[in-house]
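Chemist: predicted model and sequence follow; I will ask about them next.
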Amino acid sequence: MARKFTSSLPMPDGSVIGYKLTPRNGVYTIQFIGPDGKYVRKSTGLRDQNAALIEGSRIIARTFSKGPKPKRGWKSQSPKAKTWDDVIEDLRCGLVVNNNKTATFGDYKKTINTIRRTLPDTVGPEDITPDRADEFKAEYVGGKFKRGHAEDATEYARKHTTLNAYLRKARAIWHKWLKITPNPWDRVENALLDKHKPTAPSEEVIEAFFGWLRKTYGGWELPVCFFSIKAYTGCRLQDLCGLRADQFDGQSLRFDADQTKNREGRTVELPPDVATVLERVKGKGYLWGRYPEGIREHNRGTSGGNRLNLTFDPTALYSWAQRTMKSFKEAHPGKKLSTHAFRRRAVTVAYAGGYSVNEIADMFGMTAQNVEKSYLDKSRANHSAKLKTLAGSLLPKSV
């Protein structure tokens, strides 16, 4: 008879480990299926449930970091060079133990797979010499990619910014996780990039977007509410999509530390009119849990509209937000706007409203250096004297 687990622990590779925490003589024991497929039961040694839950998560992480144990009777084998698949598995386990975010594993896995695709004759990291690392740089930049799977899909040139990101991650993987010295990626120079100052969208573009949004979605309140909160809080799109319903108390939104990129929680009080609308459209489990039924009703009568999944998934909401921005830009070719542009606008409006760089960093969950380097459009902020109050400025006039 299969055992049923009452809780689950997400792993960096996206998989989920089911477990059960039960008290035995006052001390909590954790039970789960190990990496070798066998049932594991271990004592946390703790009587407090919350402390036992944390220790139980560590026990699972340590168990999976070791991998399956050799069967009795096996002879020890001489160590062999690691393959790329071995590296990915080691990264998965190491990042669990280190409590890194799932996105970090995704980035590292993508980096490894890009290296092995670009240098297909390599078997593992030991094949990467300084010369092969230089070869990767040349081969990657010289190649092209498609966004679609069709044979006639448009090909795009690879960007040097993406190359530099892969080089940075490769250096980190070889140094911190593989501990290979000398690091073959250290001598590979980054591509030279033009320096672009952050550009915040104009109020004209913002007003055009919300006008188009109202016209496109009619009486469905969720889209306008979603993007209004995106504009007001200046949060990252992923942070907003994954909020639970209990993180909204009727007045304020709470972003927990384990949900944000910088691992710092923050609470944002919403304007009363926005909070009122959010109270009407919020879901039960997830804050945006009613999105599936809303988008299905909006698309009713269209091809595939009635077959849309009614189970909420934050990644589906994320994709919808990205598609919505793409549709707006296609309808307004001269108006540039992205979901992340709302974050640049929030920072810029706050600066124009008299807030210092350090205050803005605390307000929007970023470093002061990142505020000036990636988000603050000083040229627009310095000409925004008409933005008298921060709250009034962050919300578009039409909302």
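Modeler: Good, I have the coordinates. Computed from a predicted structure; not experimentally measured.

Chemist: what's the spacing between the nearest residue to Phe248 once chain neighbours are set aside and Leu243?
Modeler: Leaving aside its sequence neighbours, Phe248 sits nearest to Leu287 (Cβ to Cβ, 6 or more residues apart in numbering; 5.7 Å). (Each C-beta comes from the backbone N, C-alpha and C, glycine too.) Counting by Cβ to Cβ, to the nearest Å, the gap from Leu287 to Leu243 is 4 Å.

Chemist: which one of the two is surrounded by more residues?
Modeler: Leu287 (26 against 22; other Cβ atoms under 10 Å).

Chemist: pLDDT value on the residue nearest to Phe248, please?
Modeler: Looking at Leu287, its pLDDT reads 96.

Chemist: contacting residues for it?
Modeler: 243-245, 247-248, 278 (Cβ atoms under 8 Å, 6 or more residues apart in numbering).

Chemist: how about those, which pair is most distant?
Modeler: Arg244 and Leu278 (13.3 Å; Cβ to Cβ).

Chemist: what about the two, which has more around it?
Modeler: Between Arg244 and Leu278, Leu278 has the larger neighbour count (other Cβ under 10 Å), namely 22 against 16.

Chemist: give me the three-state assignment for the closest residue to Gly234 other than its chain neighbours.
Modeler: Distances taken as Cβ to Cβ, 6+ apart put Ala346 closest to Gly234, at 2.8 Å, once the chain neighbours are dropped. Under DSSP: H, G, I helix; E, B strand; the rest coil, Ala346 falls in the helix class.

Chemist: check contacts around Ala346.
Modeler: 231-234, 364, 394.

Chemist: got it, and Phe227?
Modeler: Taking Cβ under 8 Å, 6+ apart as the test, what Phe227 contacts is 209-210, 213, 321, 324, 342.

Chemist: from Ile60, how far off is it?
Modeler: Distance from Phe227 to Ile60, by Cβ to Cβ: 38 Å.

Chemist: same deal with Tyr232?
Modeler: According to Cβ to Cβ, Tyr232 and Ile60 sit 38 Å apart.

Chemist: who has more neighbours out of those two?
Modeler: Tyr232 (22 against 19).

Chemist: so which residues of this protein form strands?
Modeler: Counting by DSSP state E, residue ranges of the strands within the chain are 7-10, 16-24, 27-33, 39-43, 144-146, 155-157, 252-255, 266-269.

Chemist: can I get those in CSV with mean pLDDT?
Modeler: Output for the strands of the chain, formatted as CSV (pLDDT from 0 to 100):
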stretch, mean pLDDT
strand 7-10, 70
strand 16-24, 83
strand 27-33, 88
strand 39-43, 88
strand 144-146, 76
strand 155-157, 82
strand 252-255, 92
strand 266-269, 89
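
Chemist: the contacts of Ala346 in helices, which ones?
Modeler: Mapping the contacts of Ala346 onto helices (DSSP state H) picks out 231-233, 364, 394.

Chemist: what distance separates the start and the end of stretch 173-180?
Modeler: With Cα to Cα, to the nearest Å as the measure, the first residue of stretch 173-180 is 9 Å from its last.

Chemist: who touches it?
Modeler: With Cβ under 8 Å, 6+ apart, stretch 173-180 has contacts from 87, 90-91, 94, 108, 111-112, 125-126, 128, 183-185.

Chemist: so which of the contacts of Phe227 sits lowest on pLDDT?
Modeler: For the contacts of Phe227, the pLDDT minimum is Phe342, 91.

Chemist: hmm, it is touching Phe226, no?
Modeler: No - contact between Phe342 and Phe226 fails when scored by Cβ atoms under 8 Å: they sit 11.1 Å apart.

Chemist: those two - which one has more neighbours?
Modeler: Taking other Cβ under 10 Å, Phe342 and Phe226 do not tie; Phe342 has more neighbours (28 against 23).

Chemist: how long is stretch 25-44 end to end?
Modeler: 12 Å.

Chemist: just how off-centre is it within its chain?
Modeler: Here the centre of stretch 25-44 is set off from its chain's centre by 31 Å, with Cα atoms, centre = their mean, to the nearest Å.
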